[in-house]
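Engineer: fold the following.
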Amino acid sequence: MLAGKCDKLQPCGSCDRAGVPCIYTDRTKERKYNADHVERLEKRIRQAEARNKSLADEVSRARANPDAVPSSLNGDQKPLRAHAKTQDAVGEISYLAINAAGERQPYLGSTSGVLLAELICSSVKLGLHTDLTPTTSLPGGSGLRGTVPMAQLLAVVRRADDLPSRALAQEMVSAYLNHENIIYPFIYPHFLSNTLKQVYEEEDYYVSRASPSEVFILNMVFANASGHVAKYDRQL
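Structural biologist: As a prediction, the model looks like this:
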């Protein structure tokens, strides 16, 4: 038996003659999903499944030991969630770095953005936990005499003299926004402009009040844009 050809009407002629509901779908009007969107949905599904499994395990343990307090209600769960969010941020940045050119690459070495993502997240994490005052050992020291708070160490190594002149800094920021940031929009221009303004207009902001992430981002922009500025100067 030959199947009747659909005439793409709604309802189609074949279904109308057969007296059945028409299930024809116009493919040209369907929503199209790219591979990135599908991968994000798959990731969220995996996260939801893992969360459901974790909750199911907690329910089983609670039924076995009714007097126990579920771990999801403990205060120790917050650091775990913060760590999970940090890992998610690392994954998102590295994913964007690998796929920004529009082609999937299995691994691009040091250019994949994983190291950069981990460095950014560690800097942000350090800025959020300065109240813990972590310590680091200094060469040649021993015991308490060889350790200083990490926040104090960061303040010591920052020197305003290491910054370029404001005119050169503005030129490098403009070069970055006109080149790298167009292709890889990791940084909000408004945030970068505000940081630059605070660093050069507010006394000691760079040395003692700027967050580690602000210092890192500003120096990263200077490092990336210096090549464009130097190339422009050579062409002159």
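Engineer: list the buried ones in the longest helix seen in the chain?
Structural biologist: Ranked by number of residues, the top helix in the chain under DSSP state H is helix 35-64. Neighbour-count burial for helix 35-64, counted by 16 or more other CB atoms under 10 Å, picks out no residue. (C-beta placed from N, C-alpha, C; glycine too.)
Engineer: counting contacts, what elements does it pack onto?
Structural biologist: Where contact means 3 or more CB pairs under 8 Å, 6 or more residues apart in numbering; DSSP states H and E, helix 35-64 is not packed against any helix or strand.
Engineer: average pLDDT for that helix?
Structural biologist: The average pLDDT within helix 35-64 is 87.
Engineer: got it, and stretch 224-234?
Structural biologist: 70.
Engineer: which helix or which strand is home to residue 203?
Structural biologist: Assessed by DSSP states H and E, residue 203 sits outside every helix and strand.
Engineer: pLDDT score assigned to it?
Structural biologist: pLDDT recorded at residue 203 is 83.
Engineer: what is the burial count for it?
Structural biologist: The local packing of residue 203 (other CB atoms under 10 Å) involves 9 other residues.
Engineer: quick one: it from residue 214, how far?
Structural biologist: Per CB to CB, to the nearest Å, residue 203 is found 16 Å from residue 214.
Engineer: please give the element, helix or strand, for the closest residue in space to residue 180 that isn't next to it in sequence.
Structural biologist: Closest residue to residue 180 apart from its sequence neighbours, by CB to CB, 6 or more residues apart in numbering: residue 224 at 5.5 Å. Per DSSP H and E: residue 224 is located in helix 212-235.
Engineer: show me what that helix is packed against.
Structural biologist: If you count contacts as 3+ CB pairs under 8 Å, 6+ apart, helix 212-235 packs onto helix 114-128, helix 166-178, helix 189-201.
Engineer: now the angle from the last one to helix 166-178?
Structural biologist: Counting by axes from the mean of the first three to the mean of the last three CA atoms, to 10 degrees, helix 189-201 lies at 170 degrees to helix 166-178.
Engineer: just to revisit the earlier point, among the helices and strands packed on helix 212-235, which gets the worst mean confidence?
Structural biologist: Among those, helix 114-128 carries the lowest mean pLDDT, a mean of 59.
Engineer: show me the protein divided up by domain.
Structural biologist: 9-64, 73-138, 158-236 (automatic domain parsing).
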